[in-house]
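Chemist: Return atomic coordinates for the entry below.
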Amino acid sequence: QVQLVESGGGSVQAGGSLRLSCAASGFTYSAYCMGWFRQAPGKERERIAVIDSDGRASYAGSVEGRFTISKDNAKKILSLEMNSLKPEDTAMYYCAKGRDNYCSLDFTYWGQGTQVTVSS
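Modeler: Sure thing, here's the model as predicted:
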């Protein structure tokens with residue numbers, strides 16, 4: 001069965017950096033779109049970064065230039081490098097598996113989430 005396990009969250013001061021990881025299993029990892037989402041209390045879930053099976057990435061405007069998504073197909077690890085963090089980046093961060101390879105459909109499996117807290 002599909003499993004996604006996030007790690008790497010924590011507390012950091014504004015301007016700092018964190019790297020999130022997501023270990024995937026139970027499916028042909030290299031063949032699917034993968035993504036990172038976040039949800040802050042009282043807000044809707046936000047899609048922040050996705051990467052397709054060819055390694056092409058796209059970002060939400062709120063994180064572009066600060067966050068970098070990457071995909072290690074050999075290790076089945078999805079990563080999110082987060083730099084220049086802001087208090088508004090505080091949220092629960094989720095890794096997700098797309099339904100297809102080019103990120104044109106919805107996301108069907110989700111990890112349990114990892115908390116990121118940025119203090120000013």
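
Chemist: who touches the host helix or strand of Y93?
Modeler: Following DSSP states H and E, the helix or strand that holds Y93 is strand 91-98. Contact with strand 91-98 is made by 2, 4, 6, 9, 20, 22, 24, 27, 32-40, 43, 45-46, 50, 52, 78, 80, 105-116, as judged by CB atoms under 8 Å, 6 or more residues apart in numbering. (Glycine included, C-beta is placed from N, CA and C.)

Chemist: In ChimeraX, select just the buried ones from the residues you listed.
Modeler: Filtering these down to the buried ones (16 or more other CB atoms under 10 Å) takes a single ChimeraX command:
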select :4,6,9,20,22,24,27,32,33,34,35,36,37,38,50,52,78,80,107,109,110,111,113,114,116
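
Chemist: so what's the residue sitting nearest the centre point of the chain bridging to?
Modeler: In the chain, the centroid-proximal residue (CA atoms, centre = their mean) is W36; its distance is 2.3 Å. Note on W36: beta-bridge partners by DSSP bridges are A49, C95.

Chemist: now the strands: where do they sit in the protein?
Modeler: 3-7, 10-13, 18-25, 34-39, 46-51, 57-59, 67-72, 77-82, 91-98, 107-110, 114-119 (DSSP state E).
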